[in-house]
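S.K.: Any chance you could fold what I've pasted below:
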Amino acid sequence: MSQKKLQAKIKIQNQQVAYLEEEKERVERYLNDPYRSSENEKLKKLQEWLDKTKNFTNGSENGLVDQDVGEQNGKQINYFKLCLNYQRCKKAERKCKKTAGALVQEARTLLEDIPLEDQNEAVNRFMSFGSTKNVLDKILEAVQCPKINTIGVYGESGTGKTMLVREVKNIGEKQKLFDAVVMVSVNGNPRIQDEIARDLGVSNELTNQEASKPRKGKRLTEKKVLLILDEIWKPEIYWKLHEKLPLEDENEDRLLSYKILLTTRDSPVLSGLSEIQFEIKPLEEKEAWMLFKKIATYRTESRSLPSYARDICDKCNGLPIAIATVAKALKSGQLRWKTALQKLLQSHPILDSAFNGSYDYLKSFELQRTFLLCSLMGHNAAVQDLLKCTIGLGLLPQVNSMQEARDALLNSITKLRYSSLLRNSGGNVHFDTSDLVMKFAKSIALKEVGLNNWEEMKSIEWIHLSNTSDLPINQLNCPKLTFFHLSEEDPSKPIPQDLFTGTEELRVLGLTKICTMPQSISLPYNLHTLRLDQSVLRDADMGVIIEQLWNLQVFSLVGCDLKELPEQIRRLTKLKLLDLSDCTKLKVIARGVLSSLSRLEELYMRNSFDQWAEGVKEQKNEIASLSELQQLTNLTAIEVRINICNIQMITGDLFPRNLARYKIFEGDKWHSWDSSYGSSKILKLKLDAKISSELSVKKLLMKTEELHLRGLSGVKNVVNELDEEGFQELKYLFIQDAQNVQHIIINSVKPAFPVLEVLVLRNLEKMEKICHALVLESSFSKLRMITVESCNQLKNLFSSSIAKRSLLQLQEIRVTKCQNLEEIVDGDEQGGEEDILKELCSLRLEDLPNLIAFNCSYKRMALFQAQVFD
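M.R.: Below you'll find the predicted structure:
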C-alpha cells in the first residue's frame with residue numbers, strides 16, 4: 001500500500017470528523033444560548049446526542065483513537081490511529097463514516113425540528129447601534145411632540161427602515177405613549193383602510209370624507225393613535241388614504257386623533273407630507289461587523305469566526321437585510337463559510353447573492369415553492385389566502401386535515417421569516433415580504449416555474465397577472481400550467497371564453513374583481529382551488545362554472561356580489577374549505593346545500609348570510625338552517641353570525657362538538673371580526689337570562705377563549721348564572737351595556753377565571769363589586785390587565801386580600817368615568833403594602849371625582865418605584 005493511498009483515506013476520515021465537529025459546535029451554541037426556550041422538548045435529546053458525540057471523539061466507543069496522535073495532529077486526526085496497515089485504516093474509515101455520519105444526520109434533524117425562533121430569539125429583535133439609535137431617539141422625540149403631526153423616514157432599500165419603525169411601534173406600545181399603535185404596509189395593498197380599522201377595532205363607516213358632527217348627549221374624549229404607514233411610494237396614495245381614515249371609535253365613544261409616521265425610499269415623496277424627516281443610512285463598518293457577529297454565532301465567545309468572515313461581512317455593504325440573510329444561513333449551517341465567500345465574490349448585486357444563499361438552502365422543494373407564492377401575494381398578505389393556494393398546489397404533503405395543513409404552513413412561514421426571506425411580522429394572520437425579496441423571488445420564479453414567460457408557453461407552470469390586457473393571447477394552451485391568478489383592475493374587460501383550453505394540469509385558479517365571465521367557459525375538472533374574490537358575477541353564471549368542478553377542495557368567494565348561493569355547490573362533495581366572507585348581499589342559501597358538503601372542514605361567513613331558517617317565519621322550509629351545520633361532522637372551523645331567535649329554536653348543540661376555531665357573533669352590533677389577542681375561539685353575544693340558560697349556549701361559553709357580552713338582561717351575577725364552572729378556558733372577557741349586572745363573581749365554590757388575562761367592563765350601571773364574598777385563591781391568578789369604565793356604583797375594584805392572594809401578575813389598571821369610585825384596592829384587612837400588586841407597571845385614572853386614594857387603609861402605597869400619597 002502506498003503512502004498516497006493511506007493519506008487519501010485519512011483525508012476522507014478527517015472530512016467526516018470535521019462535519020461532526022461542526023454539528024457539535026452548533027449543538028453546544030444552542031444549548032448555551034441564553035435566548036433559547038428552556039422548556040423545549042428537544043433539549044434532553046440534544047444533550048444525549050452531545051454525550052454520545054463526546055464518547056465517540058474520546059474513543060470510548062470506536063476503540064481506534066490514539067491519544068498521542070491526537071495531541072500531535074489536532075482534532076481532525078483524533079479518531080484514527082495512523083498506521084501502515086492499510087486494511088486496518090480502511091476498516092477505521094468505514095466505521096467512522098457510518099458512526100460519524102449517523103451522528104451528523106441526527107444533529108441536523110434535531111436542530112431542524114426546533115422552532116426557528118427559539119434557535120436565537122435575539123436576531124429577530126431590533127439591534128441598536130450608534131447611528132440607528134440616534135435616529136430612533138429623534139423619531140421617538142418627534143412622535144411625542146404635540147406640534148408635529150407627521151414624521152417621515154427615508155433611505156435606500158435594505159437599510160432597515162421597516163425594522164426601525166417597528167421598534168418605534170414596540171416602544172410606543174410598551175411605554176403607553178399612545179392609546180393605540182397601528183402599523184401597515186401601504187405599497188400594493190388594496191385593503192389598507194380595512195386593515196387600519198381592523199387593528200383599531202372600529203368600523204369604516206365614519207371617515208374624514210364625511211362631516212364630523214358632534215353627537216347629542218355625548219361628550220367624546222380623544223383617543224391618541226400612532227399610525228405607521230410603511231412604504232409610501234407616491235404622495236397621492238397618502239392623501240387618498242388620509243381622506244378615508246376612521247374618525248371615531250364607536251365602541252369607546254372616543255374621537256381618533258392621529259400622529260402619522262411614514263417610510264419611503266425617496267425623500268422627494270415626503271415633500272409636503274411630513275413636517276420633519278430622518279434619513280436611514282447603511283451601517284458603518286464597525287456596526288455592520290457587530291451585527292454580523294451577533295447573528296452568525298449564538299455566543300461570539302464560544303467560537304472564533306473564520307479569518308475571512310470579515311470579508312463576507314464587508315461584501316454586504318452595511319445593509320442589515322443582506323447581513324442578516326447571510327449570517328443566519330451561516331449560523332444554521334445551511335451555508336458553508338467558504339461557499340458563502342465564493343458566492344459573494346462572484347455575484348452582483350450583493351443582495352441577490354444573499355437571497356440566493358438562503359433560497360438554495362431551504363430544506364425542501366415545497367418550502368421553496370411556498371416562498372415564491374408568498375412573494376407573488378404582495379405586502380401584508382393573509383395567511384388564509386396562502387393556505388388556499390398551497391392546498392391546491394399540494395405544497396403541504398403528509399397532512400390529513402385542514403388544521404394540520406394550517407399548522408404545517410405556519411411552520412413554513414416561521415422558517416422563511418428566520419431565513420430573512422419573509423419579514424418577522426404579522427403573527428399567524430398575515431405575512432409580509434420586502435420589495436427587494438419580491439424582486440428576487442420573481443427572477444427565480446421566471447427560471448423555475450416560467451412565470452409569465454410567454455416566449456416558452458409549453459413550459460409555463462405559473463401565471464400571475466394584474467389585468468386582462470397583460471394576456472397576449474385568448475387561449476393559453478399551457479400543458480404544464482398549475483397556477484393562474486388574475487386581478488382585473490378594469491371591470492369592463494371580459495375573460496376570453498377559451499382562455500383555459502389546454503390547461504388540464506391547472507390546480508389553482510384565482511380570478512379577482514372579475515365582472516363578466518362567459519357561461520360556456522370551460523375549466524379543468526381537476527381544479528383543486530378556485531378563488532373568485534371581489535367579483536361581480538351573476539348567480540346563473542356561477543352555477544354553470546362550478547357544475548363541472550367535482551374535485552374542488554377550496555372555494556373562495558370573499559366579497560362577491562352574490563344574492564343567492566348556487567345550488568350546484570351541493571355537488572362539490574370533496575370541498576374542504578368554503579369562504580363566503582363579506583358577501584354582504586347574500587340573502588339566500590337553499591336548504592340542504594351546506595349539509596351536503598360532507599367533507600367540509602372550514603366554513604367562513606363573516607359579514608355574510610345570517611337569515612337562518614330558525615328565525616324566518618316565511619319560506620322557512622326553503623332556507624338553510626343552523627341545524628344543518630350539526631351534520632357537518634368534519635367541521636373544525638367556522639365564522640358565522642346568528643340571531644337570538646336562531647338560538648331559541650335549536651335543540652341540542654348549536655355547532656359540531658369538534659370545533660377547534662370559531663368566531664360566532666350574535667346580532668349586528670359587533671364590528672371587528674379579528675382578535676387583538678390572536679384568540680382561536682371567539683364569542684360575541686347579546687344575551688338575556690333566558691337565552692343564557694340554554695344548554696347549547698352554556699357549552700359554548702365554557703369552551704370560549706375570548707368572550708364579548710352585551711345586554712345580559714336579567715343577569716345579576718355573571719359567573720353564577722352563565723358558567724358555574726368559572727370560565728376555566730376564558731382568557732379575555734369584555735362586558736358592556738349590561739344594566740342588571742351587580743357582580744362578576746359571588747360566593748364562588750370553584751376557582752373562577754384561572755387563565756383570564758384581560759378583563760374589560762364598560763357601562764355596568766348597577767355593578768357594586770367585581771368580586772363579592774368568597775373567592776378562591778387561584779381565581780384571576782393570570783390577570784394582566786383590567787379596564788373599568790362608566791361603572792358608577794362601583795367604589796373599588798378589588799379587596800386587598802384578593803390583590804395579595806390572586807392578582808400576582810396584574811400589570812395594568814385603567815379606570816375612567818366611575819363617578820363613585822373611592823379607591824382602587826379596598827382595605828378590608830391590614831398588611832404590608834409591599835405585598836400588593838408588585839407587578840403593576842401602568843396605572844391610568846381619569847374622570848374619577850370621588851377618588852380618595854389608591855388604598856384608604858395605607859397612608860402611602862409604593863407604585864412604579866415611587867411613592868403615591870393619599
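
S.K.: Return the distance of the closest residue in space to Gln736 that isn't next to it in sequence relative to Asn796.
M.R.: Spatial nearest neighbour of Gln736, excluding adjacent residues (CB to CB, 6 or more residues apart in numbering): Arg762 at 4.0 Å. Just so you know, the C-beta spots here come from the backbone N, C-alpha and C atoms, and that holds for glycine as well. For Arg762, the distance to Asn796 under the criterion CB to CB, to the nearest Å works out to 18 Å.

S.K.: before we move on, back to that, what distance do you get for the residue nearest to Gln736 to Leu794?
M.R.: On the measure of CB to CB, Arg762 and Leu794 end up 12 Å apart.

S.K.: Please enumerate the shared neighbours of the two.
M.R.: By CB atoms under 8 Å, 6 or more residues apart in numbering, Arg762 and Leu794 have these common neighbours: Val788.

S.K.: hang on, the earlier thing: state the pLDDT value of the residue nearest to Gln736.
M.R.: Reading off the per-residue confidence, Arg762 sits at a pLDDT of 94.

S.K.: just the one 10 residues further on next, same as before
M.R.: The pLDDT attached to His772 in the predicted structure is 83.

S.K.: Now for it: which residues touch it?
M.R.: By CB under 8 Å, 6+ apart, the residues touching His772 are Gln742, His743, Ile745, Ile746, Asn747.

S.K.: Spatially nearest residue to the last one (excluding sequence neighbours)?
M.R.: Right, the one you point to is Asn747. Distances taken as CB to CB, 6+ apart put Ala773 closest to Asn747, at 4.6 Å, once the chain neighbours are dropped.

S.K.: still on that earlier bit, what pairs with the residue nearest to Gln736 across the strands?
M.R.: Counting by DSSP bridges, Arg762 forms beta bridges with Gln736, Glu789.

S.K.: Tell me how many other residues crowd it.
M.R.: When neighbours are defined as other CB atoms under 10 Å, Arg762 has 20 of them.

S.K.: for Asn720, same thing?
M.R.: Other residues lying near Asn720 total 18 when counted by other CB under 10 Å.

S.K.: Pretty sure it sits in a helix.
M.R.: Yes. According to DSSP: H, G, I helix; E, B strand; the rest coil, Asn720 belongs to a helix.

S.K.: quick one: secondary structure of the closest residue to Trp670 other than its chain neighbours?
M.R.: If the residues on either side of it in the chain are set aside, Trp670 comes closest to Lys684, at 4.6 Å by CB to CB, 6+ apart. The three-state label for Lys684, taken from three-state DSSP, comes out as strand.

S.K.: Isn't Lys684 up against Gly711?
M.R.: No. Contact between Lys684 and Gly711 fails when scored by CB atoms under 8 Å: they sit 11.5 Å apart.

S.K.: how about the strands in the stretch 101-250 of the chain?
M.R.: In the stretch 101-250 of the chain, the strands defined using DSSP state E, counting those that start in this stretch lie at 150-154, 180-185, 221-230, 248-249.

S.K.: next one: the stretch 701-850 of the chain
M.R.: Under the criterion DSSP E, counting those that start in this stretch, the stretch 701-850 of the chain contains strands at 706-713, 732-736, 743-746, 758-762, 769-772, 785-789, 798-799, 812-816, 825-826, 842-846.

S.K.: Quick check: phi and psi on the residue lying closest to Leu471 once chain neighbours are set aside?
M.R.: When the adjacent residues along the chain are set aside, Leu471 lies closest to Leu465, with 6.7 Å between them (CB to CB, 6+ apart). The main-chain torsion angles of Leu465 are listed as degrees, to the nearest 10 and equal phi -130, psi 150.

S.K.: For Leu465, list each beta-bridge partner.
M.R.: Leu465 has these beta-bridge partners by DSSP bridges: Leu486.

S.K.: so who does it touch?
M.R.: Leu465 makes contacts with Asn452, Leu471, His485, Leu486, Ser487, as judged by CB under 8 Å, 6+ apart.

S.K.: Give me the buried subset of the residues you listed.
M.R.: With neighbours counted by 16 or more other CB atoms under 10 Å, the contacts of Leu465 contain buried members at Asn452, Leu471, His485, Leu486, Ser487.

S.K.: on that earlier part again, could you single out the nearest of the contacts of His772 to Ile192?
M.R.: Compare each of the contacts of His772 with Ile192 using CB to CB and the shortest gap goes to Ile745, at 42.3 Å.

S.K.: For burial, what's the neighbour tally of that closest one?
M.R.: Neighbour count for Ile745, taken as other CB under 10 Å: 24.

S.K.: Is it bridged to anything, and to what?
M.R.: Beta bridges link Ile745 to Cys771 when assigned by DSSP bridges.

S.K.: ok, it touching Leu776?
M.R.: No. In this structure Ile745 lies outside contact range of Leu776 using CB under 8 Å: 9.5 Å.
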